[in-house]
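Enquirer: Next input, structure requested:
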Amino acid sequence: MRSMRYTKGAVVAAACAALLVPAGAAYAGSGETAAPSDRAAKSAAPSPEGNPSSKLAQEAGVCDDATEIGERGLITKDGKTIASVKQFYSKECQENYGYLWVWEDFRDGAEPYDVSVGVYSDEDDTVHGKRSWKATDRQEFWSSGSDTVADCTSGFGELRPAGDPQTHQASSETRC
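Expert: Prediction:
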């Protein structure tokens, strides 16, 4: 009698478990993913990661399929990170873009600052697609597209806080 009760309990537990476990399993990286332009179309919000569909990215002419390449660089002042610099690549447009994001901790208490962003090419020792802003309080900055995909490049950015005589700069990892 006692073993029958445990058997019934085991059968009921197994049946419940079978209902809760899906027939198939999905793992990160398996199955189809949305194309970059489809993913980006879901949101036009700017972000620290960089969103090629943001309003400011579109104003700069960034192609929707642009994706980050290389490791980000960090702009620091007095040992504190004040901005991130990244490089993006568009396969569709065959262009590279520089991206700079001002960190909230710096931005919250800062007077307007000067910013420049572009793509540095090792091949000709030049910053391409450079765009600059004076006395701004924006957080997101994109360079113009640069025809440097055949070069070894990095995203390059600089920020000069109000009242500071020097710019603080960084570049992302160089990609060839």
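Enquirer: tell me, what residue is most central in the chain?
Expert: Geometric centre of the chain, nearest residue: residue 49, 2.4 Å, by CA atoms, centre = their mean.
Enquirer: residues in contact with that residue?
Expert: For residue 49, the contact set (CB atoms under 8 Å, 6 or more residues apart in numbering) comprises residue 68. For every residue, glycine as well, the C-beta is placed using N, CA and C.
Enquirer: Who is the nearest residue to residue 174 once chain neighbours are set aside paired with across the strands?
Expert: For residue 174, the nearest residue in space outside its immediate sequence neighbours is residue 154; the separation is 4.6 Å by CB to CB, 6 or more residues apart in numbering. With beta bridges defined as DSSP bridges, residue 154 has these partners: residue 120.
Enquirer: do residue 146 as well
Expert: In this structure, residue 146 has the following beta-bridge partners (DSSP bridges): residue 96.
Enquirer: Return the residues in contact with it.
Expert: 95, 96, 97, 118, 119, 121, 128, 129, 153.
Enquirer: now, among those residues, which is nearest to residue 166?
Expert: Distances from residue 166 to these, taken as CB to CB, are shortest for residue 118 (18.5 Å).
Enquirer: That closest one contacts residue 142, correct?
Expert: No. When contacts are counted by CB atoms under 8 Å, residue 118 is not listed as touching residue 142 (10.0 Å).
Enquirer: in the chain, which spans are strands?
Expert: Under the criterion DSSP state E, the chain carries strands at the ranges 67-77, 80-90, 95-102, 113-121, 126-136, 140-142, 153-160, 168-171.
Enquirer: Just name the most buried of these.
Expert: Using mean count of other CB atoms under 10 Å, the stretch among those with the greatest mean number of neighbours is strand 95-102 (a mean of 27).
Enquirer: Could you check the angle that one makes with strand 153-160?
Expert: An angle of 30 degrees separates the directions of strand 95-102 and strand 153-160 when computed by axes from the mean of the first three to the mean of the last three CA atoms, to 10 degrees.
Enquirer: name the helices or strands packed onto strand 95-102?
Expert: In terms of contact count using 3 or more CB pairs under 8 Å, 6 or more residues apart in numbering; DSSP states H and E, strand 95-102 is assigned the packing partners strand 67-77, strand 80-90, strand 113-121, strand 126-136, strand 140-142, strand 153-160.
Enquirer: Quick one: closest of these to residue 169.
Expert: The minimum distance between residue 169 and the helices and strands packed on strand 95-102 falls on strand 153-160, with 3.8 Å, by CB to CB.
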